[in-house]
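# have a look; sequence and predicted model below, questions after that.
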Amino acid sequence: MAVNCSGRNVLPLEHNSSDFEINTENLHNEFLVGEGRVGEERHIVFATKFLKKIVTGRGSG
């Protein structure tokens with residue numbers, strides 16, 4: 001079986017940990033809502049202003 005391995009040296013290694021720093025330099029100010037842990041699992045929450053209005057029930061309509 002032939003395998004395409006031409007890009008294997010340029011691909012990043014797979015993450016085996018969720019302990020990393022989020023670079024917010026290129027994110028809109030309010031896009032990163034927060035992060036938390038449930039047990040060992042890390043959860044990162046992103047949302048637009050529009051989605052936050054819908055979720056909190058403060059949207060029009």
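Yep, that arrived.
# could you pull out the buried residues of stretch 51-61?
For stretch 51-61, burial by neighbour count (16 or more other C-beta atoms under 10 Å) applies to no residue. The way it works is simple: take the backbone N, C-alpha and C, and place the C-beta from them, glycine included.
# restricting to C-alpha, output it in CSV.
What follows is stretch 51-61, C-alpha atoms only, in CSV (Å, rounded to 0.1, in the frame of the first residue of the first chain):
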residue,chain,number,x,y,z
LEU,A,51,-24.4,34.3,20.0
LYS,A,52,-23.9,35.6,23.6
LYS,A,53,-27.1,37.6,23.2
ILE,A,54,-29.0,34.6,22.1
VAL,A,55,-27.7,32.4,24.9
THR,A,56,-28.3,34.9,27.6
GLY,A,57,-31.8,35.7,26.2
ARG,A,58,-31.0,39.4,25.6
GLY,A,59,-31.3,39.2,21.8
SER,A,60,-34.0,40.9,19.9
GLY,A,61,-36.8,38.8,18.4
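# quick one: mean pLDDT for it?
Across stretch 51-61, pLDDT averages out at 78.
# what's that stretch in contact with?
30, 33, 47, 50 (C-beta atoms under 8 Å, 6 or more residues apart in numbering).
# among those residues, which two are most distant?
Farthest-apart pair in the contacts of stretch 51-61 is V33 and F50; separation 12.9 Å (C-beta to C-beta).
# more crowded one of these two?
Neighbours per residue (other C-beta atoms under 10 Å) separate V33 from F50, with V33 holding more: 13 against 9.
# what are the ranges of the strands in the protein?
32-38, 41-46 (DSSP state E).
# quickly list what the residue nearest the centre of the chain is bridged to.
The centre of the chain sits closest to I44, judged by C-alpha atoms, centre = their mean, with a distance of 5.6 Å. Here I44 sits in beta bridges with E35, going by DSSP bridges.
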